[in-house]
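Q: Using only what follows, build the 3D model:
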Amino acid sequence: MAQPEDRPVPYRPGVISLFFVVKAGIFALAFWIWLLVLASQGDPVGGWHLFAAAGAITTTLVGVALAIRIALQANAADRHAEVRKMLVEISWNTAFAAQPGEDSDNVLRFPSAAPDDSGGWPAREAGERDRRR
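A: You can find the predicted model right below:
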């Protein structure tokens, strides 16, 4: 069996995705500071206040949405790697199942199409035609 360092690493969201999350966070922080400065001056609410508030809310929501997307992608990558690993283990178990005379207590046998058959499709009867023609 291959060593863990020889196996391909599952896909993970990279630095580019993280860059956009950090960029949105920096913009959100700048808008929130700007809104705080405008609010602390005591001036009546004007267009710049609304612009700073809209920018702060928008960039915060974009940053949160991108962060959630990265977390979901990382979780999906982990689940996908586990499914692939499980499928490989199942295929190895079925390909090299216990031979007759070996201990078959720990081998999972899949049901076959016909009970007397060792696996595969059941044989056709003599009078049955091929329906594909």
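Q: Now do the lengthiest helix in the chain: which elements does it pack against?
A: Counting residues, the longest helix found in the chain (DSSP state H) is helix 47-95. Helix 47-95 makes packing contacts with helix 15-40 when contacts are defined by 3 or more Cβ pairs under 8 Å, 6 or more residues apart in numbering; DSSP states H and E. Glycine gets a C-beta too; all of them are placed from N, C-alpha and C.
Q: my read: Gly25 touches Gly63, true?
A: Yes. The pair Gly25 and Gly63 passes the contact test of Cβ atoms under 8 Å, sitting 4.9 Å apart.
Q: So between the two, which is more surrounded?
A: Gly63 (20 against 17; other Cβ atoms under 10 Å).
Q: and that one, how far is that from Val37?
A: 20 Å (Cβ to Cβ, to the nearest Å).
Q: helices and strands of the protein: which one bottoms out on pLDDT?
A: Ranked by mean pLDDT, DSSP states H and E, the helix or strand of the chain with the weakest confidence is helix 47-95, at a mean of 87.
Q: ok and that helix relative to helix 15-40, angle-wise?
A: Interaxial angle, helix 47-95 versus helix 15-40 (axes from the mean of the first three to the mean of the last three Cα atoms, to 10 degrees): 150 degrees.
Q: Buried residues in stretch 70-87, which are they?
A: Residues 70, 81 are the ones in stretch 70-87 that count as buried (16 or more other Cβ atoms under 10 Å).
Q: mind saving the C-alpha coords of it as CSV?
A: Taking C-alpha atoms only, stretch 70-87 is exported to CSV below (Å, rounded to 0.1, in the frame of the first residue of the first chain):
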residue,chain,number,x,y,z
ILE,A,70,-14.0,28.0,1.6
ALA,A,71,-15.1,26.1,4.6
LEU,A,72,-17.7,24.1,2.6
GLN,A,73,-15.1,23.4,-0.1
ALA,A,74,-12.6,22.1,2.4
ASN,A,75,-15.2,19.9,4.1
ALA,A,76,-16.4,18.6,0.7
ALA,A,77,-12.8,17.8,-0.3
ASP,A,78,-12.3,15.8,3.0
ARG,A,79,-15.5,13.9,2.4
HIS,A,80,-14.6,13.2,-1.2
ALA,A,81,-11.2,11.8,-0.2
GLU,A,82,-12.8,9.6,2.4
VAL,A,83,-15.3,8.2,-0.2
ARG,A,84,-12.5,7.6,-2.7
LYS,A,85,-10.5,5.8,0.0
MET,A,86,-13.6,3.7,1.0
LEU,A,87,-14.2,2.8,-2.7
